[in-house]
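Colleague: Could you work out the structure for the sequence below:
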Amino acid sequence: MDQMERIMPAELLRFITCGSVDDGKSTVIGRLLYDSKAIFEDQLAAIAATSRRRGLSEADLALLTDGLQAEREQGITIDVAYRYFSTPARRFIIADTPGHEQYTRNMVTGASTADLAVILLDARKGVLPQTRRHAHLVRLLGIPRVVLAVNKMDLAGYEESVFNALRDDFLSFAGPLGFEEIIPVPMSALQGDMVVERGEGLSWYRGRTLLEVLEQAPVDGGVAHAPFRFPVQRVERLGEAGGVERRGYQGRIESGTIAVGESVVVLPAGVPSTVASIQTYDGALRDARAGQSVTLTLADQVDISRGDMIAASGRPPRTAKTFEALVCWFSASPFDPSRRLLVRHGTRTVQGKVSEVAYKLDVNTSAHVPAPEQVAMNDIVRAAFKVQQPLAFDPYAENRPNGCFILIDEVTNDTVAAGMML
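Modeller: Below is the predicted model of the structure:
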């Protein structure tokens, strides 16, 4: 185990690919996996056989992610396909999100934990309505960085002027959206130019390849520097010490850092305490950070159960029974105000209801339009909520892990929506 920990890269980058239909999202991912040697021989043999049945002379690398039978039959991406690969510099989880507007809910799911988005353009088609819509959604979901991947440059003669025009067109549109960084990269995923290897067709381009951008992009910067948030998953009895029962509180640090001796507050009760110890399977720690699963003990006897939150006392989250949120409706059944819903936020699940729908968000422009008579699948609306027990939350824009939730139908147990708290 120690040897494996030394070999495995410590950092993990989660990113999504998105763009208009047929811009080559799945092919880009296939090229990343193929050129980084992350494909097993049996996988390559399977896609080669499928490609031959389709009359193709070479393996269609897009088949590595388009795994559903319906996708292979239609030649499009429907579901979110997740893939893992690694290089000596970093580990990666890729979410290949669908391009069609009717699968907005799938894109929201794939983008919810991403650090970076790769938005693809077809060099022959330029910035399309779906491209704009995905840029708006990526910004709405709090992804700070975008790679503008101008794909299929081989079909545009590898012309530098074509790339420059498309880059300027996208930047003029996306600049006001407020991304921290937009990195344009010309490429041909089919031929392999500027994805992993530099290739031979884009010698005029002096910037980084897509893989180099991915290897160097900042990871979880916002989460690491956000206030400490620790949703309690499980309470463990650790035995007695001095006639007092000791308890450990287990969970995953969703944001921030914590150290032994620091002051915390237990929510929703609002009880203050101090961290007495931090334990992992490998032993005791002096401090821990976002992403680590740990057991905390406190200096005081506090009544804590699953769903409570241990947070930084100096910068606590808001605790309330009412809140507003942007909600993406997943269910094929339109929203019914009489529907009994459960709100699952972190490790806490409470009964709740939508008290008002204020407006619908136009995902193509981010404009507010009047609230629809019925909230249908893929609609994104601003809504007000009331819940039976208080939740300890942050605005999604400030703390993504502690500002998101899902809605569950209490009768069917189906997940019907996902939300971002305001």
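Colleague: Just give me the neighbour total for Asp300.
Modeller: Neighbour count for Asp300, taken as other Cβ atoms under 10 Å: 10. To be clear about C-beta, it is placed using only N, CA and C from the backbone, and glycine gets the same treatment.
Colleague: okay, now the residue nearest to it when sequence neighbours are not counted: neighbour count?
Modeller: Residue nearest to Asp300 in three dimensions, not counting chain neighbours: Ser273, with 4.4 Å by Cβ to Cβ, 6 or more residues apart in numbering. Ser273 has 19 neighbours, counted by other Cβ under 10 Å.
Colleague: part of a helix, is Ser273?
Modeller: No. Under DSSP: H, G, I helix; E, B strand; the rest coil, Ser273 falls outside any helix and is assigned strand.
Colleague: Name all residues that make contact with the residue nearest to the spatial centre of the chain.
Modeller: By Cα atoms, centre = their mean, the mean C-alpha position of the chain lies nearest to Thr113, the distance being 2.0 Å. Counting by Cβ atoms under 8 Å, 6 or more residues apart in numbering, Thr113 makes contact with Arg14, Arg400.
Colleague: Verify the stated contact: the residue nearest to Asp300 with Gln301.
Modeller: No. The pair Ser273 / Gln301 is not scored as a contact, 9.0 Å apart, by Cβ atoms under 8 Å.
Colleague: Following the chain past the helix ranked longest in the chain, name the next helix or strand.
Modeller: Assignment by DSSP state H gives helix 160-174 as the longest helix of the chain. Next helix or strand after helix 160-174 toward the C-terminus (DSSP states H and E): strand 181-186.
Colleague: Would you mind checking the average pLDDT for the helix or strand following that next one?
Modeller: Scanning forward in sequence from strand 181-186 by DSSP H and E, the next helix or strand is helix 210-216. Mean per-residue pLDDT for helix 210-216: 96.
Colleague: For helix 210-216, name the packing helices and strands.
Modeller: helix 25-35, strand 145-151, strand 181-186 (3 or more Cβ pairs under 8 Å, 6 or more residues apart in numbering; DSSP states H and E).
Colleague: The residue nearest to the centre of the chain and Tyr281, how far apart?
Modeller: Separation of Thr113 from Tyr281 (Cβ to Cβ, to the nearest Å): 24 Å.
Colleague: now do Pro184
Modeller: Going from Pro184 to Tyr281 by Cβ to Cβ gives 44 Å.
Colleague: Quickly list what the closest residue to Ala367 other than its chain neighbours is bridged to.
Modeller: Nearest-residue entry for Ala367: Leu361, 7.7 Å, with adjacent residues in sequence omitted and distances by Cβ to Cβ, 6+ apart. Leu361 has these beta-bridge partners by DSSP bridges: His368.
Colleague: check contacts around Leu361.
Modeller: Counted by Cβ under 8 Å, 6+ apart, Leu361 has contacts Leu140, Leu326, Ala367, His368, Val369, Ile380, Val381, Arg382.
Colleague: mean pLDDT for the helices and strands packed on helix 210-216: which is lowest?
Modeller: Among the helices and strands packed on helix 210-216, helix 25-35 scores lowest, at a mean of 82.
Colleague: What helices and strands are in contact with that helix?
Modeller: On a contact count with 3+ Cβ pairs under 8 Å, 6+ apart, helix 25-35 meets strand 12-19, strand 81-86, strand 91-96, strand 116-122, strand 145-151, helix 210-216.
Colleague: Direction included, what does the third one pair up with?
Modeller: So that's strand 91-96. Checking strand 91-96 against DSSP bridges gives partners strand 12-19 (parallel), strand 81-86 (antiparallel).
Colleague: pLDDT (mean, whole number) over it?
Modeller: Averaged across strand 91-96, the pLDDT comes to 87.
Colleague: what's Lys373 sitting at in phi/psi?
Modeller: That one is not Lys; residue 373 is Glu. phi -70, psi -30 (degrees, to the nearest 10).
Colleague: So which of Pro184 and Tyr281 has more stuff around it?
Modeller: Taking neighbours as other Cβ under 10 Å, Pro184 and Tyr281 compare with Pro184 leading, 19 against 7.
Colleague: So that one is in contact with Asp169, correct?
Modeller: No. The pair formed by Pro184 and Asp169 falls short of the contact definition of Cβ under 8 Å, at 10.7 Å.
Colleague: Could you list the low-confidence segments of the chain?
Modeller: 1-10, 38-52, 54-81, 98-103, 221, 241-243 (pLDDT under 70).
Colleague: Can you give me the domain assignment for it?
Modeller: 7-219, 224-312, 318-421 (automatic domain parsing).
Colleague: mind checking how far the closest residue to Ile94 other than its chain neighbours is from Ala111?
Modeller: Nearest residue to Ile94, sequence neighbours excluded (Cβ to Cβ, 6+ apart): Arg83, at 4.7 Å. Arg83 is 15 Å from Ala111, where distance means Cβ to Cβ.
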